[in-house]
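J.: With the input below, show me the fold.
(one chain, ligands or ions: 1)
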Amino acid sequence: MSVLTQTAGPASTLDIETVRRDFPILRREVRGKRLVYLDNAATTQKPQAVIDRIVKYYAEENSNVHRGVHYLSEVATEAYEGARKIVKDFLNARDVKEIVFTRGTTESINLVAQSWGRRNIGAGDEVIISAIEHHSNIVPWQMICDEKGARLRIIPVNDQGELSLDEYEKMLGNRVKLVAIGHISNALGTVNPIRKMTELAHAAGAVVLIDGAQGVPHGVVDVRDIDCDFYAFSGHKVYAPTGVGVLYGKQALLQAMPPWQGGGDMILSVSFEKTTYNSLPYKFEAGTPNIEGVIGLGEALRYISGLGVANVAAWEHDLLLYATARLQEIEGLTIIGTAADKASVISFVLEGVHPHDIGTILDQEGIAVRTGHHCAQPLMMRFNVPATGRASFGLYNTREEADLLVEGLHKVIEVFR
Ligand code: C6P
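T.: Reported below is the predicted structural model:
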C-alpha cells in the first residue's frame with residue numbers, strides 16, 4: 001500500500017481528461033447540473049472498457065463455465081479463469097488456487113467466519129477487531145463468537161482515528177485465534193498499518209484477515225508483502241460490476257478449511273453416501289458464479305493497472321490534501337478522522353446541520369456524497385456523532401470538483417443561517 005501521509009507525495013502523471021472520457025456516466029447531468037460524483041467509497045463508476053467487456057460477453061460468449069465441452073462454454077471458462085489470473089497478479093498472490101470469487105467483501109468475510117471460524121474458534125478463544133470496522137467485519141465475528149462462546153475484543157481508536165498499537169500489542173495473548181482488521185476505514189479514511197499488525201498477530205500465533213474493501217481501490221496491495229492470511233475485497237468499489245468480490249487466502253489454510261456452501265461445481269463426485277469435494281479454489285465456489293461480474297472485474301483491474309495503481313494513488317492523495325485544506329476553510333465544519341495516514345475519504349459534520357440535509361442540498365447541485373453512519377455505527381458512537389457527510393474521491397475526480405463541493409457546502413450553510 002502506498003503511504004498516504006498528509007504531506008505531498010510523488011506527482012501523478014494521470015491524464016485526467018482522457019481518464020474522465022473513459023467513464024460515460026460522468027458526461028451526464030443530474031438535476032440540471034453537471035454530475036459531481038463523490039461517493040466512490042460506496043461504489044465506483046465503470047469505465048467503458050468494463051461496460052464493453054460485459055456486452056461482449058453477453059453478445060458473443062455467454063455460456064456456463066466449467067460445465068460444457070461445447071465451444072462457448074470453453075470461451076466463457078477461459079475468460080472466467082483468465083480473470084482469476086489477473087486478480088492473482090494484481091494482488092501478487094502465489095497461485096490462482098488462492099483466489100476465490102464471491103459476491104463481495106461481505107460474503108468473503110462470512111465465508112472465512114463460517115468455514116475457518118467454525119472449525120478453529122472455540123470456547124474461551126478470542127477474536128480481535130477494531131473500533132473502526134465496517135459492520136461486515138464486526139457482525140460475522142460476533143455471530144461466530146456468540147455461537148462458540150468466544151470473546152470479541154476491540155482495538156481502541158484515538159481522536160484522530162488511529163488505532164492504538166500499544167493496546168493491540170497488549171491484547172495479543174495466546175487465546176487470540178484471529179485478528180480481523182480493515183485495511184482502510186470507509187468512514188474515516190484511516191490507513192491502518194496492516195503489515196505491522198499482521199506481523200504482531202503472527203508472532204502471537206493468530207491468523208489475520210484484512211477487510212480490503214477500501215484498500216484495493218486506493219493503492220498497491222501486495223498480499224505476500226503484507227503476509228496476511230486472508231484478504232477480502234469487492235469488485236464494485238474498484239471500477240468493476242456489483243455482485244462480485246474476492247477472497248484471497250493462503251493455500252494451506254484454504255486447503256484445510258471445509259467448504260461453506262454445497263452445490264454444483266464445488267464437488268468432484270456425489271453419491272447419497274458420500275461427496276468428494278473439488279480442489280481449490282472451486283471447493284468454495286458452489287453454484288453458477290457471477291460470470292460476467294468476474295470477467296468485468298478482470299477488465300477493471302486491467303484498466304487500473306494500465307493507468308498505474310501507484311499513479312492513481314498519487315492522484316487521489318493530491319485530491320485528499322487539496323480537498324482537506326479547502327474544507328478546513330469552512331467555518332463550523334469539522335473533519336472526523338484526521339489520521340496521519342489517510343486515503344481519499346473525508347467525513348465531516350457541519351455545525352447546526354443534520355448530515356442528511358447536507359446530502360439533500362448537495363444533491364440539488366448535482367453533487368453525490370454519502371450521509372449516514374456508513375455501516376459503522378460503533379465508530380459513530382465513539383466519535384459521538386449520529387452520522388457524517390462523506391466525500392470519497394476516486395481516480396476520475398478533480399480539484400475543481402472539490403471546489404464545487406465547497407461551494408455546495410456554502411449553499412447548505414446559507415439555507416440554515
Ligand atoms: N462500504 C460504504 O459506503 P460489500 O457491501 O460487501 O461490497 O462491502 C462491504 C464493506 C466492507 N468493508 C468496508 C471497509 C466497506 O467499506 C464496505 C462497504 C460501503 O462505505 C457500503 S456500506
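J.: Near the ligand, which residues of this protein are found?
T.: 41-42, 104-106, 134, 136-137, 182, 186, 211, 213-214, 234, 370, 374-375 (CB under 6 Å from any ligand atom). Heads up, the C-betas are built off the backbone N, CA and C, glycines and all.
J.: Please narrow these to those residing in helices.
T.: Among these, the members falling in helices are 105-106 (criterion: DSSP state H).
J.: Show the buried residues in the residues of the chain next to the ligand.
T.: 41-42, 104-106, 134, 136-137, 182, 186, 211, 213-214, 234, 370, 374-375 (16 or more other CB atoms under 10 Å).
J.: okay, now the residue nearest to residue 375 when sequence neighbours are not counted: neighbour count?
T.: Closest residue to residue 375 apart from its sequence neighbours, by CB to CB, 6 or more residues apart in numbering: residue 135 at 4.5 Å. By other CB atoms under 10 Å, the residues close to residue 135 number 16.
J.: ditto for residue 159
T.: Residue 159 has 10 nearby residues by other CB under 10 Å.
J.: Same check on residue 199?
T.: 13.
J.: Pull out the buried positions in the host helix or strand of it.
T.: Following DSSP states H and E, one finds residue 199 within helix 194-203. By neighbour count with 16+ other CB under 10 Å, helix 194-203 contains the buried residues 194, 197-198, 200-202.
J.: quick one: low-confidence ranges for the chain?
T.: Low-confidence segments of the chain (pLDDT under 70): 1-9.
J.: how's it carved up into domains?
T.: 16-46+309-416, 51-305 (automatic domain parsing).
J.: Give me the nearest residue to the most centrally placed residue in the chain, chain neighbours excluded.
T.: By CA atoms, centre = their mean, the chain has its centre lying nearest to residue 213, at 0.9 Å. Distances taken as CB to CB, 6+ apart put residue 105 closest to residue 213, at 4.1 Å, once the chain neighbours are dropped.
J.: pretty sure that neighbour is touching residue 136, no?
T.: Yes. Using CB atoms under 8 Å as the test, residue 105 is close enough to residue 136 to be in contact (5.8 Å).
J.: Pull up the overlap in contacts between the two.
T.: Common neighbours of residue 105 and residue 136, using CB atoms under 8 Å, 6 or more residues apart in numbering, are 211, 213.
J.: can you map out the helices along the stretch 201-350 of the chain?
T.: 223-226, 251-256, 291-307, 309-328 (DSSP state H, counting those that start in this stretch).
J.: What angle do helix 291-307 and the longest one make with each other?
T.: Between the direction of helix 309-328 and that of helix 291-307, the angle (axes from the mean of the first three to the mean of the last three CA atoms, to 10 degrees) works out to 80 degrees.
J.: elements contacting helix 309-328?
T.: Applying 3 or more CB pairs under 8 Å, 6 or more residues apart in numbering; DSSP states H and E, one finds that helix 309-328 makes contact with strand 333-336, strand 345-350, helix 399-416.
J.: which helices and strands sit right next to the second one?
T.: What it means is strand 345-350. Using 3+ CB pairs under 8 Å, 6+ apart, strand 345-350 sits against helix 309-328, strand 333-336, strand 388-392, helix 399-416.
J.: Let's see that with 6 Å instead.
T.: strand 333-336, strand 388-392 (3 or more CB pairs under 6 Å, 6 or more residues apart in numbering; DSSP states H and E).
J.: Partner strands of the shortest one, with direction?
T.: This points to strand 333-336. strand 345-350 (antiparallel) (DSSP bridges).
J.: so residue 90 sits right up against residue 300, yeah?
T.: No. Counting by CB atoms under 6 Å, residue 300 is not a contact partner of residue 90; they are 9.8 Å apart.
J.: The residue nearest to residue 213 is in contact with residue 244, isn't it?
T.: No. Counting by CB under 6 Å, residue 105 does not reach residue 244; the two are 10.7 Å apart.
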